[in-house]
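based on what follows, work out the 3D shape:
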Amino acid sequence: MKLRRLLTLIPILGLLAACGSKPEPVAVGYGTNAQACLAEALYFEARGTGEIGRRAVGEVILNRANDPQFPSTVCGVVDQRYNGSCQFSYRCNGSLTYNEPHALANANVTANTLLTNRGEDITNGALFFHASTMAPGWFGTLRRLGTFGGNIFYR
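Here you go, the predicted model:
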């Protein structure tokens with residue numbers, strides 16, 4: 001049982017080490033520590049949405065990094081503030097505690113896959129998303145592209 005727990009923690013330890021260590025390029029064009037930043041966002045924004053939901057949220061972050069109206073790196077997108085508000089609410093509300101090791105390991109795997117072998121964008125270029133349980137608000141002015149893992153995606 002101890003070995004199984006250790007194997008579960010290995011991806012987590014690697015992610016946490018990347019967050020506090022000297023930046024190393026992960027994927028050309030996405031900046032340094034891209035995998036750590038992307039996995040962080042996937043953990044806090046999509047950990048309960050399954051692989052498809054995590055992938056779709058990751059696609060939005062990568063789409064933003066490739067769009068001139070947003071920062072040009074994954075970490076820049078994840079940390080972006082607009083009019084004093086965080087683009088990703090977990091960044092403003094102080095909930096940066098990883099308490100689900102399996103979910104963090106899954107987020108890290110999805111982040112690595114997106115950065116090294118992205119393939120086709122399942123969201124068709126989405127730049128925005130919100131939980132399907134939220135009222136659309138200003139999202140209602142955007143073109144809806146689909147629903148993945150309990151989130152609704154827009155451009």
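
please make it C-alpha for all contacts and neighbour counts, starting now.
Fine.

list the contacts of the nearest residue to Leu96 once chain neighbours are set aside.
Residue nearest to Leu96 in three dimensions, not counting chain neighbours: Tyr90, with 7.1 Å by C-alpha to C-alpha, 6 or more residues apart in numbering. Tyr90 is in contact with 44-45, 96, counting by C-alpha atoms under 8 Å, 6 or more residues apart in numbering.

same check on Cys86?
Cys86 neighbours (C-alpha under 8 Å, 6+ apart): 79-80, 92.

sorry, back to before: from the contacts of Tyr90, list the buried ones, please.
Buried subset of these (neighbour count, 16 or more other C-alpha atoms under 10 Å): 44-45.

of all the contacts of Tyr90, which comes closest to Ala105?
Of all these, Phe44 has the smallest distance to Ala105: 12.5 Å, by C-alpha to C-alpha.

now do Glu40 against Gly50, distance only.
According to C-alpha to C-alpha, to the nearest Å, Glu40 and Gly50 sit 15 Å apart.
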